[in-house]
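Engineer: let's see this in three dimensions:
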Amino acid sequence: MKPGMARRVGAAAGFSAVALGAFGAHALRPALEHDHMTAIWQTAVFYHFIHAVMLWILGGQRPFRVMAWWSFLAGMLLFSGSLYLMAITGLKWLGVITPFGGGGFLLGWALLCRQPPEV
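Structural biologist: As a prediction, this is how the structure comes out:
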């Protein structure tokens with residue numbers, strides 16, 4: 001993925017985090033509260049937003065830290081995605097997917113601990 005596109009994907013991820021946060025707080029609020037899933041939705045939005053910001057930041061860095069970027073994207077899709085689905089469907093088994101997303105986040109952060117190559 002080219003860095004310019006990576007930055008646009010990060011911006012789209014940030015947009016979707018805000019939109020899903022608002023959607024959960026307003027349109028889905030009664031259903032989430034009824035099923036005691038509000039905290040799960042909020043956790044999904046929180047991690048989604050933090051890592052969307054990281055996608056945007058990494059997309060603008062040179063050199064482009066491609067492995068960390070992809071790790072954060074995969075983590076966001078698996079972690080937040082599984083929690084969003086669990087919150088709206090009530091299917092608790094989706095929670096087995098969530099740790100794989102957490103692993104993606106951990107890998108991304110670990111990769112950022114490494115010294116980037118000189119430009």
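Engineer: need the pLDDT of the nearest residue to Ala13 once chain neighbours are set aside.
Structural biologist: In this structure, Ala13 finds its nearest non-sequential neighbour in Ala52, 3.6 Å apart by C-beta to C-beta, 6 or more residues apart in numbering. (Each C-beta comes from the backbone N, C-alpha and C, glycine too.) Ala52 is assigned a predicted lDDT (pLDDT) of 98.
Engineer: next up, the contacts around Ala52.
Structural biologist: 10, 13-14, 16-17, 76 (C-beta atoms under 8 Å, 6 or more residues apart in numbering).
Engineer: make CSV out of those and add pLDDT.
Structural biologist: Formatted as CSV, the contacts of Ala52 follow (pLDDT from 0 to 100):
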residue, pLDDT
Gly10, 97
Ala13, 98
Gly14, 98
Ser16, 98
Ala17, 98
Met76, 98
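Engineer: if you rank those residues by neighbours, which is first?
Structural biologist: Neighbour tally across those (other C-beta atoms under 10 Å): the maximum, 26 neighbours, falls on Met76.
Engineer: could you count how many residues lie near the residue nearest to it when sequence neighbours are not counted?
Structural biologist: Take Met76 and drop its neighbours on the chain: the residue closest to it by C-beta to C-beta, 6+ apart is His51, 4.6 Å away. The tally of other residues near His51 (other C-beta under 10 Å) stands at 28.
Engineer: report the helix or strand with the lowest average pLDDT across this protein.
Structural biologist: None of the helices or strands of the chain scores lower by mean pLDDT, DSSP states H and E than helix 29-34, at a mean of 92.
Engineer: and that one, what other elements does it pack with?
Structural biologist: When contacts are defined as 3 or more C-beta pairs under 8 Å, 6 or more residues apart in numbering; DSSP states H and E, helix 29-34 packs onto helix 38-59.
Engineer: what about 7 Å?
Structural biologist: The criterion is 3 or more C-beta pairs under 7 Å, 6 or more residues apart in numbering; DSSP states H and E, and there are no helices or strands that helix 29-34 contacts.
Engineer: right, I'll call it a day here.
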